[in-house]
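# Just to be clear, the model below is a prediction. Sequence and coordinates:
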Amino acid sequence: MFEFTPSEEQQALIDTARRFAKERIIPIAAECDRDAKFPRDVFVAGHELGLVNAVLPTEYGGPGMADLDLTFITEELAYGCSGIQTSMSANNLAMTPIKLGGNEAQKKKYLGWMAKEPIFASYATSEPSAGSDVAGMQCRAKKQSDGSYVLTGTKQWITNASFASFYVIFATEDPAQRHKGIGAFIVERAFNGVSVGEHEDKLGQRASDTNTVMLEDVRVPAENVLAAPGQGFKLAMETFNQTRPDIGAIACGVMRRCIEECVAYAKERKTFGVPIGQHQMVQSMLADMAIRYEATNLLVRKAAWNLDHGVRNPVVSSYAKAFGADSAMATAVDAVQIFGGNGYTKEYPVEKLMRDAKLLQIYEGTSQVQRMVIAKNMLA
């Protein structure tokens, strides 16, 4: 049955994540944004509390939380700073293909490693010429006689690339085969031929580490082949199906922060002799913010509930991701408008919220790609 209120255990989890965001993230968010610096000590503290790797199964030493539980954590951390949250949550993206497609030895080694130590892992499909068009990747995987593969190519916009102890790399035997040629490989940072480029100087989510990963004749042993060529594209798409609801949860955190900042400001800031919250146009904007938040919240919870109950309906994840990302951007733009000239300065948090929100419409499949997925589902 559906429940619209968190259980006692879930509420305790929300309270823990909310307190963590208040005490460890919000006080340093502006500085980390300004310096484009990720606070590794915050990641380590989150790992100790179980706020990192939340959905890592218990049999490999993880918290074993449900996808619904993860959305609660994500919203609270994103309320504090979605940039810091993105880097804290990226391990969930990297572990998902291993959970879905890994053999027992791979799961024990790499999921167990993530549970034991506060290490970073990265997921890498995007390339300079292939972002949302995953099937268009050019990174090559050449099979060797002993079952190993040699990888050559470049991956771009990879979260936590400079920190990662290992990467889940998607590469193709033959670019002309598109999705039919793609495989997946677990590549350790220590492997010969792996290097990381310069930190990307981004518009928003600047606290999140984003880099290019270069692969120069990197030999991947047979035991690190996660999906043979021809099976990797399906694994990548199912990974996104399971992680896109979390993007909606980020949107919820960003929107809730916008709403709370705007409500407080609207009660204090006066124009024409009264608080701006008494002006109907401002009230209308606040109401729209609240509607967007509540609608996104419900879509996210439904998508996560589906995953937890084995209901495979990827279009719901696309609903949550597309609507949530667009709603977060619209809400952040309105927040800057409500703050007026003050909102355009770095003295107030809403300009950062607007910059951070934009990425939600881009990564893990743009809002336009989500609409393509939705429309194809409708027409199928």
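On my side now, so go ahead. Numbering: from 1, shown residues only.
# who are the neighbours of the strand or helix carrying A335, in terms of helices and strands?
Using DSSP states H and E, A335 falls within helix 314-339. Applying 3 or more Cβ pairs under 8 Å, 6 or more residues apart in numbering; DSSP states H and E, we find helix 314-339 packed against helix 232-268, helix 280-308, helix 350-358, helix 367-379. For glycine as for every other residue, the C-beta is placed from the backbone atoms N, C-alpha and C.
# would a markdown table of these with mean pLDDT, distance to I169 and mean neighbour count be doable?
Formatted as a markdown table, the helices and strands packed on helix 314-339 follow (pLDDT from 0 to 100; distance: least, Cβ to Cβ, whole Å; neighbours: other Cβ atoms under 10 Å):
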| stretch | mean pLDDT | distance to I169 | mean neighbour count |
| --- | --- | --- | --- |
| helix 232-268 | 96 | 10 | 23 |
| helix 280-308 | 97 | 24 | 18 |
| helix 350-358 | 98 | 27 | 24 |
| helix 367-379 | 95 | 21 | 14 |
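# Out of these, flag the one nearest D69.
For the helices and strands packed on helix 314-339, the distance to D69 is smallest for helix 280-308, at 8.4 Å, taking Cβ to Cβ.
# Tell me what angle the closest one forms with helix 232-268.
With axes from the mean of the first three to the mean of the last three Cα atoms, to 10 degrees applied, the angle from helix 280-308 to helix 232-268 works out at 150 degrees.
# Which elements pack onto helix 280-308?
helix 67-80, helix 232-268, helix 314-339.
# Can you add distance to A135 and give those helices back as a markdown table?
Shown next, in a markdown table, are the helices and strands packed on helix 280-308 (distance: least, Cβ to Cβ, whole Å):
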| stretch | distance to A135 |
| --- | --- |
| helix 67-80 | 26 |
| helix 232-268 | 6 |
| helix 314-339 | 16 |
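# residues in contact with M65?
13, 50, 54-55, 73 (Cβ atoms under 8 Å, 6 or more residues apart in numbering).
# before we move on, back to that, so which of the helices and strands packed on helix 280-308 is nearest V196?
Checking the helices and strands packed on helix 280-308 against V196 by Cβ to Cβ gives helix 232-268 as the closest, at 21.4 Å.
# what angle do that closest one and helix 367-379 make?
Per the same axes, to 10 degrees, the angle that helix 232-268 makes with helix 367-379 is 120 degrees.
# After helix 232-268, which helix or strand is next?
According to DSSP H and E, the helix or strand after helix 232-268 is strand 270-271.
# and the helix or strand following that following strand, what does it pack onto?
The element immediately downstream of strand 270-271 (helix or strand, assigned by DSSP H and E) is strand 274-275. Counting contacts by 3+ Cβ pairs under 8 Å, 6+ apart, strand 274-275 is packed against helix 232-268.
# Give me the angle between the helix it packs on and helix 67-80.
Interaxial angle, helix 232-268 versus helix 67-80 (the same axes, to 10 degrees): 50 degrees.
# got the angle between helix 232-268 and helix 350-358?
Using the same axes, to 10 degrees: helix 232-268 against helix 350-358 is 160 degrees.
# okay, now the domains of the chain?
As recorded under automatic domain parsing, the domains making up the chain are 8-116, 121-231, 234-379.
# Let me know which of the helices and strands packed on helix 280-308 is the nearest to K346.
Closest among those, using Cβ to Cβ: helix 314-339, at 11.9 Å.
# How far off centre is that closest one?
Relative to its chain's centre, helix 314-339 lies at 15 Å (Cα atoms, centre = their mean, to the nearest Å).
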